[in-house]
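**Q** My questions concern the predicted model and sequence given below.
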Amino acid sequence: MSDVSGRFVVVAVAVVAVSLVAAAAHDYGDALSKSLLYFEAQRSGRLPYNQRVRWRGHSGLTDGLEQGVDLVGGYYDAGDHVKFGLPMAFTITMLSWGVLEYGDEIAAAGELGHALHAIKWGTDYFIKAHTHPDVLWTQVGDGDSDHYCWQRPEDMTTSRRAYKVDADNPGSEVAAETAAAMAAASIVFRRAGDAHYSHLLLHHAQQLFEFGDKYRGRYDASVRVVKSYYPSASGYKDELLWAALWLHRASGGRRYLDYAVSNADDFGGTGWAVSEFSWDIKYPGLQILASKLLLEEKHLSDEQRAVLEKYRSKAEFYVCSCMDKNPGGTDNNAGRTPAGLIFIRPWNNLQYVSNAAFLLNVYSDLLAGLGQRLRCGEAGEAAGAGDVLAFAKSQADYILGSNPMNTSYLVGYGERYPRRVHHRAASSASYQHDKAFIGCLQGFDSWYSAHQENPFDLVGAVVGGPNAKDVFTDHRGAYMQTEACTYNTAPMVGVFSKLKELERRRRREEAPPSSSPVADDL
């Protein structure tokens, strides 16, 4: 599996300290290992024999039974127990992209197997959920009743009703995002040597894309119960472009590239310039993915190249916005905390930071490969690949503790990190050691309202993070700050693996030459 790799371009690393805080050396390898461990804590279904998070047990073993379909497995998205299809698919897409870009680095850290297992836990579930070419089961559980209870997943008494999208009740966003996830994962497993599984994933991805494109409609209009939790603000056109680009990479089929080119304007791919990349808004991600084709594709037509350059101009708006370099001030740039953290909104802000850190890492590689500089506005400020990388690193370092609170927002990393994460399983007694049933409301009295620290650290989780003034409240009730989500951590797998490799290279270059003949021979 050592041939799992992404395009890696060596660039100079400019180390930038977060304002008010001296830059600290971080153990990116430890952060990488912990981030992958987190996904095992979020598993639903029958846990495997090699499960490393031992305080978890089997859960959701009858999911789908009421509807006559096997929906056991997959991931809980956050600190509760609903399985939401759209953010789960985005999580797998980002995990897969990280492996594709930085697979060699992940392998060198000894974590490639864990990364593949994390991806496969999601894609195995998607295969189950895609029961017909035009049917995708998109949710298990009810958010309202689930939030009414504070129970371990092993004790769930809330509704496990399953919801689907189909030809009569379309859901283009979730169908296309699941297609993107399975297409990206198919490349991962093809490079890992599992041709059969790769082909199976690609087959499902192609069917899901055709379904989402043929029967167009917002998924939250068909699955109305999701509106309070994961509504589709951006619509489905960004997901369709996103999926088409991933299918082009996975299959090599020109029709998917033609789709992304011919629909670029109508679907907003070359029109929307935004400062947010998330489970809902895919435009910056697809714009950077399209931009990479300028380096990777050798036989582009003049029309294709022209459209891809338009995609790239919007990708650069996003990168410049993150770095506060776009002309026009706050209207055209992402918000910042006083210490320099990207700040989009108060609820779970670090999801946007982790996504930005990943995209800027990828774009810095692209700039280095093209031998070009970032262009911010027609007469705006330019920045080199090293500058883009340095800013991405500053955001990752903030998450790891280089911030005014001196707190790591990656749980389990460093000496100071959130101890009262808003997470039902981590805040309760382990089912493995105490199988006494915890009722729906009992957990609120016994665990949620208690001041003491969680019995278990949710190791590797990236929590919601500080407020706009860099202040963090470590309390389970402060869910905007203390709840962690799978899509917060997923992009950081790629970020930490790249930063670990760059740190290794830096140390090797700075090491004094050895005078020992034996050492020289080695």
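**A** Good, I have the coordinates.
**Q** Now residue 66, what are its backbone angles?
**A** phi -60, psi -30 (degrees, to the nearest 10).
**Q** Return the set of buried residues in whichever strand or helix holds residue 501.
**A** Per DSSP states H and E, residue 501 falls inside helix 486-510. Using 16 or more other C-beta atoms under 10 Å as the burial criterion, the residues of helix 486-510 that qualify are 486-503. Every C-beta, even on glycine, is put in place using the N, C-alpha and C of the backbone.
**Q** Could you do stretch 257-272 as well?
**A** Buried residues in stretch 257-272 (16+ other C-beta under 10 Å): 257, 259-261, 263-264, 267-270, 272.
**Q** Out of those, flag the one nearest to residue 378.
**A** residue 270 (16.8 Å; C-beta to C-beta).
**Q** Distance of the closest one relative to residue 301?
**A** Residue 270 is 16 Å from residue 301, where distance means C-beta to C-beta, to the nearest Å.
**Q** and if you look at residue 279?
**A** From residue 279 to residue 301 the distance is 33 Å (C-beta to C-beta).
**Q** So between the two, which is more surrounded?
**A** Taking neighbours as other C-beta atoms under 10 Å, residue 279 and residue 301 compare with residue 279 leading, 25 against 11.
**Q** Surely the more buried one is in contact with residue 486?
**A** No: assessed by C-beta atoms under 8 Å, residue 279 is found out of contact with residue 486, at 9.6 Å.
**Q** Mutual contacts of these two, please.
**A** Counting by C-beta atoms under 8 Å, 6 or more residues apart in numbering, the shared contacts of residue 279 and residue 486 are 87, 91.
**Q** all strands in the stretch 151-300 of the chain, in order from the N-terminus.
**A** 162-166 (DSSP state E, counting those that start in this stretch).
**Q** quick one: contacts of stretch 342-356?
**A** Residues beyond stretch 342-356 that count as contacts (C-beta under 8 Å, 6+ apart) turn out to be 94, 275-279, 285, 322, 334-337, 341, 392, 395, 398-399, 409, 462-468, 480, 483, 485, 487-492, 495.
**Q** Where do the helices of the stretch 251-400 of the chain begin and end?
**A** 254-262, 283-296, 302-322, 350-370, 385-399 (DSSP state H, counting those that start in this stretch).
**Q** Just tell me which of those ends up closest to residue 67.
**A** Going by C-beta to C-beta, the one of the helices of the stretch 251-400 of the chain nearest residue 67 is helix 350-370, 30.5 Å.
**Q** between that closest one and helix 283-296, how big is the angle?
**A** 20 degrees (axes from the mean of the first three to the mean of the last three C-alpha atoms, to 10 degrees).
**Q** Now helix 350-370: buried residues?
**A** 350-369.
**Q** again with stretch 211-225
**A** Result for stretch 211-225 [16+ other C-beta under 10 Å]: buried residues 211-213, 215, 217-220, 222-223, 225.
**Q** Pick the one among those closest to residue 176.
**A** Nearest to residue 176 among the buried residues of stretch 211-225, with distances taken as C-beta to C-beta, is residue 212, at 4.3 Å.
**Q** got the contact list for that closest one?
**A** Shown in contact with residue 212 (C-beta under 8 Å, 6+ apart): 170-176, 179, 236, 239-240, 243.
**Q** Quick one: residues contacting residue 119.
**A** 92, 95-96, 99, 185, 188.
**Q** if I've got this straight, residue 136 is in a strand?
**A** Yes: according to DSSP: H, G, I helix; E, B strand; the rest coil, residue 136 belongs to a strand.
**Q** So what sits opposite it in the bridge?
**A** residue 165 (DSSP bridges).
**Q** just to revisit the earlier point, which of the contacts of stretch 342-356 count as buried?
**A** For these, buried by 16+ other C-beta under 10 Å: 94, 275-279, 285, 322, 334-335, 337, 341, 392, 395, 398-399, 409, 462-467, 480, 483, 485, 487-492, 495.
**Q** Show me the shaky parts of the stretch 1-150 of the chain.
**A** 1-24 (pLDDT under 70).
**Q** residue ranges of the strands in it, please?
**A** Under DSSP E, counting those that start in this stretch, the stretch 1-150 of the chain gives strands at 83-84, 135-140.
**Q** Could you export these as a markdown table, including mean neighbour count and distance to residue 108?
**A** Output for these, formatted as a markdown table (neighbours: other C-beta atoms under 10 Å; distance: least, C-beta to C-beta, whole Å):
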| stretch | mean neighbour count | distance to residue 108 |
| --- | --- | --- |
| strand 83-84 | 26 | 33 |
| strand 135-140 | 25 | 36 |
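**Q** Kindly reformat those strands as JSON lines and extend each row with distance to residue 163.
**A** Below are the strands of the stretch 1-150 of the chain laid out as JSON lines (distance: least, C-beta to C-beta, whole Å):
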{"stretch": "strand 83-84", "distance to residue 163": "10"}
{"stretch": "strand 135-140", "distance to residue 163": "4"}
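**Q** closest one to residue 420 among these?
**A** strand 83-84 (23.8 Å).
**Q** looking at the helices of the stretch 251-400 of the chain, which is closest to residue 140?
**A** helix 350-370 (22.1 Å).
**Q** Could you give the number of residues near the nearest residue to residue 320 once chain neighbours are set aside?
**A** Nearest non-adjacent residue to residue 320, counting by C-beta to C-beta, 6 or more residues apart in numbering: residue 376, 3.7 Å away. Using other C-beta under 10 Å, the number of residues around residue 376 comes to 22.
**Q** now residue 184
**A** When neighbours are counted by other C-beta under 10 Å, residue 184 comes out with 29.
**Q** Next, the contact list for the nearest residue to it once chain neighbours are set aside, please.
**A** Take residue 184 and drop its neighbours on the chain: the residue closest to it by C-beta to C-beta, 6+ apart is residue 96, 3.7 Å away. For residue 96, the contact set (C-beta under 8 Å, 6+ apart) comprises 119, 181, 184-185, 187-188.
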